[in-house]
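*Asks:* Sequence below, structure please.
(one chain, ligands or ions: 1)
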Amino acid sequence: VEHLLGIKYLKQNDIDVIFKTADHFKEVINRPIKKVPSLRDITIANLFFENSTRTKLSFELAEKRLSADVINFSASQSSVKKGETLIDTVNNILAMKVDIVVMRHGNVGAGVFLSKHVNAKIINAGDGTHEHPTQALLDSYSIREKLGSVKGKKIVIVGDVLHSRVALSNIFALQLQGAEVKVCGPTTLIPKYITSLGVQVETNLKKALEWCDVANVLRVQHERMDIKYFPSTREYTQLFGINQDILDNLGKKIVIMHPGPINRGVEITSAVADSNNSIILNQVENGVAIRMAVIYLLAQQIKR
Ligand code: CP
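*Replies:* Predicted coordinates:
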């Protein structure tokens, strides 16, 4: 593929190649000298039109570990605030000879739009409620690391699926690798189209957790929430919040994941998020190796 715009554009072999490359980079970043000189001639711009902690820092670190030159752009401190358009913003940045653009934007399809209008490799770091492909790759990579493979595993995505780009990218990535996927949450937060993707809906949290090997717990996205869709926070936590009591009564251990940031005490308690069953910080660690792999593989296509 020419860009990384979404998991829906990938084939299973693309994911295999990314994981194999990430395995190598994971070994590299655990060495005393964590850097390789591979991309000394590549310049990367990180354009964030929406807030981020993990994705932004992880991309920047991945780029620096590959020895690329890096520039960072945050819309809130830029001339976007004076009314400059996305295309003008990006073309001005590209005039400074940028090869790869990593972009997070609030609009669905922003990455695809950009890829049609500018001459650079585009990596989607999250477009509205649509896709977050590197998150899904690092999530699958973390499942593979913990359970040996993704194929045949049962994954339930719990919570605010309606507003989640993590959910859609995860569904595509997990199904591509032969996992079974269910979603669980209030019907008001489950999009109607989800069953057309071959995903079953379970509205009983206990049943969903009894079924799965892995629960990927989503953040309740208060900032995208229309109040009419939302059960109260207290109701949500009572019905769909994951706490230690629920897990203790399953009669088996399941792996707990969360893309972050966590609303502690809402969708998951601190005891569960910080428990031995949680691989939340492994996900963050793996994000650097996965992003190094994606950037490295795309950079191989750039003529230099
Ligand atoms: N998981 C994730 O995308 O986190 P950030 O919003 O902090 O980047």
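*Asks:* can you list the residues of the stretch 101-250 of the chain near the ligand?
*Replies:* By CB under 6 Å from any ligand atom, the part of the stretch 101-250 of the chain that sits against the ligand consists of 126, 135. C-beta here means a position set from N, CA and C on the backbone, and glycine is covered the same way.
*Asks:* For the stretch 101-250 of the chain, which segments are assigned as strands?
*Replies:* Secondary structure of the stretch 101-250 of the chain by DSSP state E, counting those that start in this stretch: the strands cover 121-127, 154-158, 180-184, 200-202, 214-217.
*Asks:* Columns mean pLDDT and mean neighbour count on top of the ones you listed, output as a markdown table?
*Replies:* Output for these, formatted as a markdown table (pLDDT from 0 to 100; neighbours: other CB atoms under 10 Å):
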| stretch | mean pLDDT | mean neighbour count |
| --- | --- | --- |
| strand 121-127 | 98 | 26 |
| strand 154-158 | 98 | 25 |
| strand 180-184 | 98 | 23 |
| strand 200-202 | 98 | 16 |
| strand 214-217 | 98 | 26 |
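*Asks:* So for residue 136, which of these sits nearest?
*Replies:* Closest of those to residue 136 is strand 214-217, at 9.8 Å (criterion: CB to CB).
*Asks:* The closest one packs against which elements?
*Replies:* Where contact means 3 or more CB pairs under 8 Å, 6 or more residues apart in numbering; DSSP states H and E, strand 214-217 is packed against helix 133-147, strand 154-158, strand 255-257.
*Asks:* now those in CSV, with distance to residue 215?
*Replies:* What follows is the helices and strands packed on strand 214-217, written out as CSV (distance: least, CB to CB, whole Å):
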stretch, distance to residue 215
helix 133-147, 11
strand 154-158, 5
strand 255-257, 6
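*Asks:* Tell me which of those approaches residue 107 most closely.
*Replies:* Of all these, helix 133-147 sits nearest to residue 107, with 16.1 Å by CB to CB.
*Asks:* What is the burial count for the residue in the stretch 101-250 of the chain that the ligand sits nearest to?
*Replies:* Residue nearest to the ligand within the stretch 101-250 of the chain: residue 135 (5.3 Å; CB to the nearest ligand atom). Neighbours of residue 135 under the rule other CB atoms under 10 Å: 26.
*Asks:* Just list whatever residues bridge to the closest residue to residue 52 other than its chain neighbours.
*Replies:* Nearest residue to residue 52, sequence neighbours excluded (CB to CB, 6 or more residues apart in numbering): residue 104, at 5.8 Å. For residue 104, the beta-bridge partners are residue 48 (DSSP bridges).
*Asks:* Surely residue 104 and residue 53 touch.
*Replies:* No. Using CB atoms under 8 Å, residue 104 is not in contact with residue 53; the gap is 11.5 Å.
*Asks:* Show me which of the two is the more surrounded one.
*Replies:* Shown here are residue 104 and residue 53; by other CB under 10 Å, residue 104 has more neighbours (25 against 10).
*Asks:* What segments of the protein are helices?
*Replies:* Assigned by DSSP state H, the helices in the chain fall at 12-28, 54-65, 86-94, 110-117, 133-147, 165-176, 205-211, 233-240, 244-248, 270-273, 280-299.
*Asks:* any idea how far residue 265 is from the residue lying closest to residue 4 once chain neighbours are set aside?
*Replies:* Spatial nearest neighbour of residue 4, chain neighbours left out: residue 123 (4.7 Å); criterion: CB to CB, 6+ apart. Distance, residue 123 to residue 265, by CB to CB, to the nearest Å: 33 Å.
*Asks:* Next: residue 189.
*Replies:* Taking CB to CB, one finds residue 189 at 18 Å from residue 265.
*Asks:* go on, residue 161?
*Replies:* Here the criterion is CB to CB. By it, residue 161 lies 21 Å from residue 265.
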